[in-house]
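Participant: Predicted model and sequence below, questions to follow.
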Amino acid sequence: MDKLTAYRELIKQVLTEYDNLSRQSPDKNAENCLVFDENHDHYLWLTVDWQGSKRLKYTHVHIRIKNEKIFIEEDWTEEGIATELMN
């Protein structure tokens, strides 16, 4: 497996684990979303919800791959997504 493919698989695995954990939350109204764009190498984990008539979006993690390097654009996880990727 080449480096780029390995990075993609690792990112998808880690984000899927976070998503699975968050789905155990008692908040049934919020919708968790995973977005894996392998054509442009952007990977997101986000939550969308409604508060009354207002739509809310929370981006928990945004990762992209550029020039065979991983860039963490946004990370609101407690442990840090970089730590998870390194493990």
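Facilitator: Alright, I've got the coordinates. Numbers count the residues shown, from 1 in each chain.
Participant: and the strand ranked longest in the chain, what does it pack onto?
Facilitator: Longest strand in the chain, counting residues (DSSP state E): strand 54-66. In terms of contacts (3 or more CB pairs under 8 Å, 6 or more residues apart in numbering; DSSP states H and E), strand 54-66 is packed against helix 3-22, strand 42-51, strand 69-75. Glycine gets a C-beta too; all of them are placed from N, C-alpha and C.
Participant: and the closest residue to Asp75 other than its chain neighbours, how many residues sit next to it?
Facilitator: Nearest residue to Asp75, sequence neighbours excluded (CB to CB, 6 or more residues apart in numbering): Ile81, at 4.7 Å. Using other CB atoms under 10 Å, Ile81 has 23 other residues around it.
Participant: For Glu73, see how far away the residue nearest to Trp76 when sequence neighbours are not counted is.
Facilitator: Counting by CB to CB, 6+ apart, His60 is the residue found nearest to Trp76 once chain neighbours are left out, at 5.0 Å. Remark: distance between His60 and Glu73 (CB to CB, to the nearest Å) = 12 Å.
Participant: of the two, who's got more company?
Facilitator: His60 (19 against 12).
Participant: Tell me who's in contact with the residue nearest to the spatial centre of the chain.
Facilitator: Ranked by distance to the mean C-alpha position of the chain (CA atoms, centre = their mean), the top residue is Trp45 at 3.0 Å. Listed by CB atoms under 8 Å, 6 or more residues apart in numbering, the contact set of Trp45 reads Leu15, Tyr18, Asp19, Asn32, Cys33, Leu34, Val35, Thr59, His60, Val61.
Participant: who does it bridge with?
Facilitator: When assigned by DSSP bridges, Trp45 has beta-bridge partners Leu34, Val61.
Participant: For it, give its distance to Val14.
Facilitator: According to CB to CB, Trp45 and Val14 sit 9 Å apart.
Participant: Then Ser22?
Facilitator: Going from Ser22 to Val14 by CB to CB gives 13 Å.
Participant: With Thr77 instead?
Facilitator: Using CB to CB, we find Thr77 at a distance of 10 Å from Val14.
Participant: now swap in Trp76 and tell me
Facilitator: With distances taken as CB to CB, Trp76 is found 14 Å from Val14.
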